[in-house]
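Student: Would you be able to build a 3D model of this:
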Amino acid sequence: MEQASKALNYCVSQGEFEGSTERVEGERLLLESTHKYSAAVSEIKRLSTEGALGKSGGASTSRGSISFSGLALPLKKDFVKFLKEGGDGSVHYFVVLIKYRSRVVATQMVSTIDSGCVRKEKLCFPNLINLRDLDYDFQVNSELEFLIRIWFSNEKFLSDQFGGLRIANPKRMFASRGQISH
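Tutor: Now for the predicted structure:
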């Protein structure tokens with residue numbers, strides 16, 4: 001997390017990185033490392049609580065695995081039309097975080113300017129993600145995070161911010177949203 005923060009601070013301090021892919025990647029790495037740190041802290045608390053309550057492991061020795069591939073989010077028709085017409089000069093970057101206890105796995109970051117990522121009114125993530133050694137009563141959560149980069153017409157960078165669906169107004173982009181759990 002510290003390394004990602006330093007890299008991002010460097011990009012922010014240097015004008016040449018304004019609006020660059022390096023800066024976007026720094027934002028993604030900081031986001032991912034922050035979520036991993038938070039998941040690790042939560043897992044330590046969970047294990048401490050279970051230890052204090054005298055629980056030892058799961059009630060079953062059964063273990064499982066789950067795979068995710070072909071993740072796609074439906075987009076609203078008017079948003080797809082907006083993108084095809086050139087939009088407002090902004091670029092939308094998306095990443096899905098798959099979480100199980102202390103594990104956080106991120107998909108490849110895709111954007112609205114990546115050819116092939118927006119197909120048939122869906123935002124497509126090309127990754128295969130495998131989670132193994134899951135408890136019999138596992139719960140896997142997913143979060144969609146996005147970065148919107150807005151530009152002035154003269155290519156001057158205006159703003160960027162990472163946010164989840166809980167922060168921004170997704171009604172403009174997505175036809176539906178949800179969480180994965182078992």
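
Student: From here on, just use CA atoms for contacts and neighbour counts.
Tutor: Will do.

Student: pLDDT score assigned to the residue nearest to Thr112 when sequence neighbours are not counted?
Tutor: Closest residue to Thr112 apart from its sequence neighbours, by Cα to Cα, 6 or more residues apart in numbering: His92 at 5.5 Å. For His92, the model assigns a pLDDT of 84.

Student: wait, isn't His92 in contact with Val118?
Tutor: No. With contact defined as Cα atoms under 8 Å, His92 does not count as touching Val118 (11.4 Å).

Student: before we move on, the earlier item: backbone phi and psi for the residue nearest to Thr112, please?
Tutor: phi -110, psi 120 (degrees, to the nearest 10).

Student: and it, what does it touch?
Tutor: Ser111, Thr112, Ile113, Phe146, Leu147, Ile148, Arg149 (Cα atoms under 8 Å, 6 or more residues apart in numbering).

Student: Which helix or which strand is home to the nearest residue to Val91 once chain neighbours are set aside?
Tutor: Closest residue to Val91 apart from its sequence neighbours, by Cα to Cα, 6+ apart: Arg149 at 5.2 Å. With secondary structure defined by DSSP states H and E, Arg149 is part of strand 141-151.

Student: from the chain's centre, how far out does stretch 77-96 sit?
Tutor: 17 Å (Cα atoms, centre = their mean, to the nearest Å).

Student: So which residues of this protein form helices?
Tutor: Applying DSSP state H to the chain gives helices spanning 2-13, 21-52, 77-84.

Student: The ones you listed: which one's closest to Asp133?
Tutor: For Asp133, the closest of the helices of the chain is helix 21-52, at 15.5 Å, according to Cα to Cα.

Student: Compute the inter-axis angle for the closest one and strand 141-151.
Tutor: 160 degrees (axes from the mean of the first three to the mean of the last three Cα atoms, to 10 degrees).

Student: Going by neighbour count, list what's buried in helix 21-52.
Tutor: 23-24, 26-36, 39-40, 43 (16 or more other Cα atoms under 10 Å).

Student: cool, stretch 92-107 as well?
Tutor: Those would be 92-101, 103-107, for stretch 92-107 by 16+ other Cα under 10 Å.

Student: tell me the two of these that are most distant?
Tutor: His92 and Arg101 (28.5 Å).

Student: Report back the residue of the protein that's furthest from centre.
Tutor: Gly54 (35.3 Å; Cα atoms, centre = their mean).

Student: Quick check: end-to-end length of stretch 67-83?
Tutor: Stretch 67-83 stretches 31 Å from its first residue to its last (Cα to Cα, to the nearest Å).

Student: give me the low-pLDDT residue ranges for the chain?
Tutor: Scanning the chain for pLDDT under 70 picks out 19, 56-60, 150-182.

Student: Go again with 50.
Tutor: Low-confidence segments of the chain, defined by pLDDT under 50: 152-182.
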